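**Student:** return a 3D structure for these sequence lines:
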Amino acid sequence: MVAMERAGEPDVDASREPRQRVDTSAGGTGSGTGGGPRDWPGLVLRSLFPEPAAGDGTGREAMWAVGTGLAAAAITVARVPFIFDSFWAEDGGLFYQEALTRKRPGVFVEWYAGYLQAVPRLIAAIAAAFPVRDAAAVFAVCVLAIVAAGAAFVEIRSADYISRRWLRIGLGLSVAFLPVLREEVIGNAANIQFLLVFFGFWLLLWFPRRRVGAVAAAVALLLISLSTLLAVFLVPVALARLLVRHRRGTWLPPLGLLAGVAVQFGGRAIVHATRPVQPADVATALDWFKARIVTNLGSGESVSSTIHVGLVVLAALAVVMVGAFVGRPAQPGAGTPTPVARTMIVVSLALCLLTGLAVATTSGIALRYAVVPALFLVTALAVACDHTLDVRPNWMGWIPVGIVVAAIVAAAYTGRQASPWRGEASIVSPTSQAWAGPWWSHGVDAARVQCQTTPVGAAVSIKSFPDLWVVTVPCAVLER
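**Tutor:** Alright, predicted model coming up:
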């Protein structure tokens, strides 16, 4: 924890490293405050894309990031321990089945529900190379690898915006711990797109020192944008990055995202891909946004019958925002520079509002659509808490920050129980129902027995989850 500043003594915090950024470019791409009042666009760019802090990329930083990633994967497994032996909806009944039976590159450019799904189909192609009985486990390992890598990247990349390590770790773990994940998103490839959007945001803020890093970021952003229509909300950040000058690796990553978005929407128009949805009107969308995202960070329930977790969060958030925007600027070297913190708070809240209301009014108000705005809201909270402690390193800062942190943990712990058909049994929802199947391995064993009595070349169906989904597998494939 952060040590309290005592009279006449400097603040000592083992979890917060001195932030030393140097503006070396002629155009001013660092995080300094120079440029005058007419240079506010430049100040915004310098604040959104600050120069890397001293110490980034060290072995110690990498160890903390890896630990965060492994913890996120462990939390995911703890919440849905059955993912190694079960398929969720499209994972088995669409992506894996088509990877098994069609096996051609064209499957990666096929629209389903109105958009491309490159990452889930890539995972399915990997699973198709393994024995059928191991397919669910391969899906789970791939999804967990994405969650772990994303959480680790968020922890280490957010160091330029959040100086306290425990807040950075909390932000990284939010991709596995938020209550909103429990419905349909956690532990499957079909809905990994919501986490990918969040990871894509942090990729756009990364300026790798080597060309190979820029290429990797561009490929990752291309795959993300080819997996979800929600990547369109990252286009303003990508365009803003293209305006940055004198920084290595500026152009390639945003071009990867923009290319994928162009393919998604351009191809969608060409093939007339549509998606059957029930969009909400503005009033309903606002109510959904307030109840599911803001009030309870996606849980939609209350701690008791009278006190909502989110109401406490809102009260503390108001105090934190006042501290971050109205309080005196942070002293040089005391933490994240004030322009950087304030810019990130505004950008995160804007993306929260944009993704929440835009999706609700165009795609419906299913709980899974609250994942992206909830993650951006938590980002704004983390940055605001960190900066509040920079400018008020005493009880005036710690009280609202403590309330926010406690309320988020309480919202995650006391959130709505999982639906009976999902059956999440976990540390986050300990009273929810246990998973009752169907188990993929049992279905494969039964299908092999059935194939012994079916004609040559026949196929059998294996139940997936939910009940309406089945995976049709040729008997010849089952014998591998």
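**Student:** for the rest of this, base every contact and every neighbour count on C-alpha atoms.
**Tutor:** Will do.
**Student:** quickly list what residue 465 is bridged to.
**Tutor:** In this entry, residue 465 is beta-bridged to residue 88, by DSSP bridges.
**Student:** is it correct that it is in contact with residue 85?
**Tutor:** No. Look at residue 465 against residue 85 with Cα atoms under 8 Å: they stay out of range, at 11.2 Å.
**Student:** please parse this structure into its domains.
**Tutor:** Listed by automatic domain parsing, the domain ranges of the chain are 41-276+436-480, 286-418+425-433.
**Student:** take these and write them to a markdown table, including mean neighbour count and mean pLDDT.
**Tutor:** Putting these into a markdown table (neighbours: other Cα atoms under 10 Å; pLDDT from 0 to 100) gives the following:
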| stretch | mean neighbour count | mean pLDDT |
| --- | --- | --- |
| domain 41-276+436-480 | 20 | 86 |
| domain 286-418+425-433 | 21 | 67 |
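**Student:** quick one, helices of the stretch 151-300 of the chain?
**Tutor:** 165-177, 193-204, 211-225, 235-242, 252-271, 282-288 (DSSP state H, counting those that start in this stretch).
**Student:** got the CA positions of the first one in CSV?
**Tutor:** This means helix 165-177. Output in CSV follows, covering the C-alpha atoms of helix 165-177 (Å, rounded to 0.1, in the frame of the first residue of the first chain):
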residue,chain,number,x,y,z
ARG,A,165,1.2,-1.2,-9.4
TRP,A,166,-1.7,-2.5,-7.3
LEU,A,167,-4.2,-0.5,-9.4
ARG,A,168,-2.6,-1.7,-12.6
ILE,A,169,-2.8,-5.3,-11.5
GLY,A,170,-6.5,-4.7,-10.6
LEU,A,171,-7.2,-3.3,-14.0
GLY,A,172,-5.5,-6.3,-15.7
LEU,A,173,-7.5,-8.8,-13.5
SER,A,174,-10.8,-7.0,-14.4
VAL,A,175,-10.9,-9.0,-17.7
ALA,A,176,-11.5,-12.1,-15.6
PHE,A,177,-13.1,-10.8,-12.4
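**Student:** name all residues that make contact with the nearest residue to residue 201 once chain neighbours are set aside.
**Tutor:** Spatially, and ignoring its direct neighbours in sequence, residue 201 is nearest to residue 234 (6.5 Å; Cα to Cα, 6 or more residues apart in numbering). Contacts for residue 234 were tallied using Cα atoms under 8 Å, 6 or more residues apart in numbering; they are 197, 200, 201.
**Student:** which non-adjacent residue is nearest the second one?
**Tutor:** Ranked by Cα to Cα, 6+ apart and with sequence neighbours excluded, the top spatial neighbour of residue 200 is residue 221, at 6.0 Å.
**Student:** contacts only, for the one you found.
**Tutor:** 200, 203, 253, 254, 256, 257, 260.
**Student:** and the gap between the closest residue to the third one other than its chain neighbours and residue 336?
**Tutor:** Across the structure, with Cα to Cα, 6+ apart as the measure, the residue nearest residue 253 apart from its sequence neighbours is residue 218 (3.8 Å). Here residue 218 is placed at a distance of 27 Å from residue 336 (Cα to Cα, to the nearest Å).
**Student:** same question for residue 100.
**Tutor:** Distance of residue 100 to residue 336, computed by Cα to Cα: 50 Å.
**Student:** ok, residue 342 next?
**Tutor:** Taken as Cα to Cα, the span from residue 342 to residue 336 is 10 Å.
**Student:** and residue 98, by the same measure?
**Tutor:** 48 Å.
**Student:** likewise for residue 472?
**Tutor:** 54 Å.
**Student:** just residue 82 next, same as before
**Tutor:** 41 Å.
**Student:** same question, residue 477
**Tutor:** 56 Å.
**Student:** and residue 261, by the same measure?
**Tutor:** 32 Å.
**Student:** can you check residue 97 too?
**Tutor:** For residue 97, the distance to residue 336 - Cα to Cα - is 49 Å.
**Student:** for residue 377, same thing?
**Tutor:** In terms of Cα to Cα, residue 377 sits 19 Å off from residue 336.
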